[in-house]
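Enquirer: okay, structure incoming, though there's no sequence with it:
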């Protein structure tokens, strides 16, 4: 009799398993408010840094001569480009969620 009862209980567990997995997945996929706020804060910090780098780049380009750019200016332009891509990707992921 006990073996039959444990088999029945196991059967009920198997029936409930898909529902449990579905609810666990939906909980895991919903962003938490604190992670949303952290992502928003990170995006604001990256945007502020991008603005700072862009103004520094403009000032460095204005200082350089017409025919010559320094290596530092080229490196700074690379930093601006890299950060701009990062911000764009973060914005894409936040819009898709």
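Expert: Great, that's in hand. This structure is a prediction, so every number in the text was calculated from the model and none was measured.
Enquirer: what's the local residue count around residue 87?
Expert: Using other Cβ atoms under 10 Å, residue 87 has 16 other residues around it. Heads up, the C-betas are built off the backbone N, CA and C, glycines and all.
Enquirer: nearest spatial neighbour of it, skipping sequence neighbours?
Expert: residue 46 (5.1 Å; Cβ to Cβ, 6 or more residues apart in numbering).
Enquirer: correct me if wrong: the one you found contacts residue 82.
Expert: No - here residue 46 does not reach residue 82: they are 10.8 Å apart, not a contact under Cβ atoms under 8 Å.
Enquirer: between these two, which one's more packed in?
Expert: Neighbour comparison, residue 46 and residue 82: the larger count goes to residue 46, with 15 against 12 (by other Cβ under 10 Å).
Enquirer: after the helix or strand where the more buried one lies comes which helix or strand?
Expert: Under the criterion of DSSP states H and E, residue 46 resides in helix 33-63. Downstream of helix 33-63, the next assigned helix or strand under DSSP H and E is helix 71-96.
Enquirer: which parts of that next one are buried?
Expert: Of all the residues in helix 71-96, those buried under the rule 16 or more other Cβ atoms under 10 Å are 73, 76, 77, 80, 83, 87, 90.
Enquirer: any chance of CSV for these, columns pLDDT and distance to residue 51?
Expert: Formatted as CSV, the buried residues of helix 71-96 follow (pLDDT from 0 to 100; distance: Cβ to Cβ, whole Å):
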residue, pLDDT, distance to residue 51
73, 88, 18
76, 91, 13
77, 91, 15
80, 92, 10
83, 92, 10
87, 91, 10
90, 87, 15
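Enquirer: closest one of those to residue 67?
Expert: residue 73 (13.1 Å; Cβ to Cβ).
Enquirer: which residue is the nearest non-sequential neighbour of that closest one?
Expert: With Cβ to Cβ, 6+ apart, the residue lying closest to residue 73 is residue 60, at 4.7 Å.
Enquirer: mind pulling up the pLDDT for that neighbour?
Expert: Looking at residue 60, its pLDDT is 89.
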